[in-house]
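Asker: Pasting the sequence and the predicted coordinates here, then a few questions.
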Amino acid sequence: MSDDALSHDNPTERLRAIMALLRDPDKGCPWDVEQDFSTIAPYTIEEAYEVADAIQRGDMASLKDELGDLLLQVFFHARMAEEAGHFAYDDVAQAIGDKMVRRHPHVFGDTDISSAEAQTVHWEELKAKERAEKGETAPDAEPSALDGVAVTLPALTRAEKLQKRAARVGFDWPSADQVIAKIEEELAELRAEMAAGSPRARIEDEAGDLLFAVTNLVRHLKIDPETALRNGNAKFEDRFRRMEQRLRAEGQEPKDASLDEMEAAWQAEKANDKLPGTAAE
């Protein structure tokens, strides 16, 4: 790989050349050369989450860097595929470009789609058609509104997607109040299993139903459950750390404090919190 290739004026071509050199069996990086699709996949997922984190923090400098890290993952997978004779980066770009044109006939064709909701329905219809044409649905299998929801998605995200798919064919609670009633029902069932000393599998089953119902409520409130839980995690971490600092300021190590003492410090820090969207005093 020549220096000319690495100093290419086109950033895309330069990155392609860098990836090829990293994977070169003789001149490349031993770690990069040893990787395959399965070993790189976890990094791809991690980089996508780091992009989401930068967006959540509103950090545009980090977002630029994280998008670069995610883009590198695309080039990494494409390079490995090219080496194996499957496809190359240009094929990936061509395929996604073709897909976007195909799935937006109201932009690139004569189809009239007047609303975002109608576009969502049309999008799912096109995806179902594409899955059938690719043979991703067994010929003798009955089509389902849930086809194509990847089992590898995080459980919370997959729960929301399954619920949205079911809702598109009318299988949904009409109001959030009814979902709350369902949550209360699932919680009562979980309590009953716990009181009965039921096997772990029964309790786990009811706990799953409860989590699924809570996800359904968040969806009804037009809130992304992953974002809501991510924010909840961040709030807990921030408040817990401040609780630890408060205890230490009082001359006590958190691990030596009683639960009542930790709870008092927790409530004191909670009182200092400001909810998003509220005016400062």
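Answerer: Happy to help now that I have it. Residues are numbered from 1 along each chain as shown.
Asker: can you list the weak-confidence ranges in the stretch 1-150 of the chain?
Answerer: Scanning the stretch 1-150 of the chain for pLDDT under 70 picks out 1-6, 131-141.
Asker: quick one, helices of it?
Answerer: Ranges of helices within the stretch 1-150 of the chain are 3-6, 11-22, 30-34, 37-57, 60-83, 89-103, 105-108, 116-133, based on DSSP state H, counting those that start in this stretch.
Asker: and the fourth one, what does it pack onto?
Answerer: Contacting helix 37-57 under the criterion 3 or more C-beta pairs under 8 Å, 6 or more residues apart in numbering; DSSP states H and E are the following elements: helix 60-83, helix 225-249. For every residue, glycine as well, the C-beta is placed using N, CA and C.
Asker: can you give me the angle that helix makes with helix 60-83?
Answerer: Here the directions of helix 37-57 and helix 60-83 differ by 160 degrees (axes from the mean of the first three to the mean of the last three C-alpha atoms, to 10 degrees).
Asker: and helix 37-57, which residues are buried?
Answerer: Neighbour-count burial for helix 37-57 flags 44, 47, 50, 51, 54 (criterion: 16 or more other C-beta atoms under 10 Å).
Asker: now swap in the fifth one and tell me
Answerer: The neighbour-count criterion (16+ other C-beta under 10 Å) identifies 63, 66, 70, 72-82 as the buried residues of helix 60-83.
Asker: so which of those comes closest to residue 8?
Answerer: residue 75 (13.7 Å; C-beta to C-beta).
Asker: How about the contacts made by that closest one?
Answerer: The contact partners of residue 75, taken as C-beta atoms under 8 Å, 6 or more residues apart in numbering, are 15, 16, 19, 89.
Asker: got a winner among these for most neighbours?
Answerer: residue 19 (22 neighbours; other C-beta atoms under 10 Å).
Asker: From what I see, that residue and residue 76 are in contact.
Answerer: Yes - the pair residue 19 / residue 76 is scored as a contact, 6.3 Å apart, by C-beta atoms under 8 Å.
Asker: quick revisit: turn the helices and strands packed on helix 37-57 into CSV, including distance to residue 126.
Answerer: Compiled in CSV, the helices and strands packed on helix 37-57 are given as follows (distance: least, C-beta to C-beta, whole Å):
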stretch, distance to residue 126
helix 60-83, 23
helix 225-249, 25
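Asker: any idea of the pLDDT on the residue of the chain most remote from its centre?
Answerer: Distance from the centre of the chain peaks at residue 251, with 41.4 Å (C-alpha atoms, centre = their mean). Confidence at residue 251, expressed as pLDDT, is 93.
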